[in-house]
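Participant: Using only what follows, build the 3D model:
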Amino acid sequence: MKSILPRHGVAASPTEPARSAAIDGHRARVKSLIRTAGMLPVLVLLCIGFGFLNDGFFTLENLSIVTQQASINIVLAAGMTFVILTGGIDLSVGSVLAAAAMAAMIGSNIVGWGWLGVPMALAVGLINGALIALLRLPPFIVTLGSLTAVRGIARLMGHDTTIFNPQLSFAFIGNGTVLGVPWLVIIALVVVAASWFVLRRTVLGLRIYSVGGNPEAARLSGIKVWGIEMFVYAVSGLLAGLGAVMSAARLYAANGLQLGQSYELDAIAAVILGGTSFVGGVGSIIGTLIGALIIAVLTNGLVLLGVSDIWQYIIKGLVIVGAVALDRYRQRGSART
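Facilitator: Purely as a prediction, here's the structure:
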């Protein structure tokens, strides 16, 4: 009769608990990958569809236009991701971008100090973000008020006119390239990489998710919730200032009334399309990147097809709502497996 015991020197098979833990870990990694991919299939399908309907979509020139159009929204949406992850909202980024761009143009016109416009724009954004956090009032109300107030300040800064500077010192940011890659795209990718590192590889990032998941539990565990909130709104404001520099550099001009209109809506849409929860605690910067690209591809594709502005708004709204609904359904399905 043969022995059922393992021979001496031969490792026994893994125990059932260990095997179960390995399977659970594999499933967790798969679910994490699915959540990270998020709306990537939608982005791919949009690209294929527009490429089929218009031969000019996949040309290098058009793809360069798409990525440059997406760059500013990516930067704004990165800042918005930080805020929404904590359960907050920042409705003022479009107006802050306009005011910061006006500051950038004013600074750029100072003889011999053209580069002063860049730190001036960043300072405007940073100060606004810090003030939002310091008021310690509901973010929706504060940023809604800031949306209109800062827009008015932007108009006052330029006396309700457009400020031009054809010799803009930092114009290369909006129009130059490095090895064929636009500076706008490089800046957007650097912002995404830095945001990913902070959110996924630092204690600060863990605390941001904790505050969004359960602010009271985070406070009881010793996290300074007010400090985290100040940080995320400062980041949102700072990146709005950076977006202002990018916009001003691309246009050689800024206008307090028109620049940045509805940018906050595009940024929020990119974040939500990317899978970040409005209640906080769930989301990723990679998802936000995909969401911003979906919006840019959709806008560009509709323009190439000659769709009127009216129908562009309707189609974009329906696609965003449908895509988010599909993503939520897919995530619930993956959670049951």
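
Participant: Could you use CA atoms for every contact and neighbour count after this?
Facilitator: Will do.

Participant: And the contacts of stretch 151-171?
Facilitator: Applying CA atoms under 8 Å, 6 or more residues apart in numbering, the contact partners of stretch 151-171 are 95-96, 98-100, 102-103, 105-106, 108-109, 114-115, 248-250, 252-257.

Participant: What number of residues are in the vicinity of residue 186?
Facilitator: Using other CA atoms under 10 Å, residue 186 has 16 neighbouring residues.

Participant: Pull up the gap between it and residue 176, please.
Facilitator: 11 Å (CA to CA, to the nearest Å).

Participant: Just the ones in helices from the contacts of stretch 151-171, please.
Facilitator: 95-96, 98-100, 102-103, 105-106, 108, 248-250 (DSSP state H).

Participant: Which members of those define the maximum pairwise distance?
Facilitator: The most widely separated members of the ones in helices among the contacts of stretch 151-171 are 95 and 108, with 19.8 Å between them, by CA to CA.

Participant: burial count for residue 317?
Facilitator: Residues near residue 317, counting by other CA under 10 Å, number 13.

Participant: Next, it: secondary structure please.
Facilitator: helix (DSSP: H, G, I helix; E, B strand; the rest coil).

Participant: pLDDT at it, what is it?
Facilitator: At residue 317, the model reports a pLDDT of 81.

Participant: burial of residue 194, as a residue count?
Facilitator: Neighbour tally, residue 194, other CA under 10 Å: 13.

Participant: Could you say which helix or strand holds it?
Facilitator: Using DSSP states H and E, residue 194 sits in helix 183-201.

Participant: Kindly format the C-alpha coordinates of that helix as CSV.
Facilitator: Provided in CSV are the C-alpha atoms of helix 183-201 (Å, rounded to 0.1, in the frame of the first residue of the first chain):
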residue,chain,number,x,y,z
TRP,A,183,5.4,71.5,-24.7
LEU,A,184,1.7,71.5,-23.7
VAL,A,185,1.6,67.7,-23.9
ILE,A,186,4.9,67.4,-22.0
ILE,A,187,3.6,69.6,-19.2
ALA,A,188,0.3,67.7,-19.0
LEU,A,189,2.1,64.4,-18.8
VAL,A,190,4.5,65.7,-16.1
VAL,A,191,1.5,66.8,-14.1
VAL,A,192,-0.2,63.4,-14.4
ALA,A,193,3.1,61.6,-13.4
ALA,A,194,3.6,63.9,-10.4
SER,A,195,0.0,63.5,-9.3
TRP,A,196,0.1,59.7,-9.7
PHE,A,197,3.3,59.6,-7.5
VAL,A,198,1.7,61.7,-4.8
LEU,A,199,-1.6,59.8,-4.7
ARG,A,200,-0.2,56.3,-5.0
ARG,A,201,3.3,56.4,-3.5
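
Participant: thinking again about what came up before, any shared contact partners between residue 186 and residue 176?
Facilitator: Joint contacts of residue 186 and residue 176 (CA under 8 Å, 6+ apart) do not exist.

Participant: Sketch out the strands for the stretch 151-300 of the chain, chain order is fine.
Facilitator: In the stretch 151-300 of the chain, the strands defined using DSSP state E, counting those that start in this stretch lie at 162-164, 177-178, 181-182, 253-255.

Participant: Would you mind giving those as a markdown table with mean neighbour count, mean pLDDT and distance to residue 55 added?
Facilitator: Converted to a markdown table, the strands of the stretch 151-300 of the chain look like this (neighbours: other CA atoms under 10 Å; pLDDT from 0 to 100; distance: least, CA to CA, whole Å):
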| stretch | mean neighbour count | mean pLDDT | distance to residue 55 |
| --- | --- | --- | --- |
| strand 162-164 | 18 | 92 | 36 |
| strand 177-178 | 11 | 92 | 25 |
| strand 181-182 | 16 | 94 | 23 |
| strand 253-255 | 25 | 93 | 33 |
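
Participant: out of these, which comes closest to residue 141?
Facilitator: With CA to CA as the measure, strand 253-255 is the member of the strands of the stretch 151-300 of the chain nearest residue 141 (25.3 Å).

Participant: picking up where we left off before, give me the helices and strands touching the helix holding residue 194, please.
Facilitator: helix 60-85, helix 172-175, helix 203-213, helix 285-304 (3 or more CA pairs under 8 Å, 6 or more residues apart in numbering; DSSP states H and E).

Participant: Would you tell me which of these gets closest to residue 144?
Facilitator: helix 60-85 (14.5 Å).

Participant: Could you figure out how far that closest one is turned away from helix 285-304?
Facilitator: Helix 60-85 and helix 285-304 are oriented at 140 degrees to each other (axes from the mean of the first three to the mean of the last three CA atoms, to 10 degrees).
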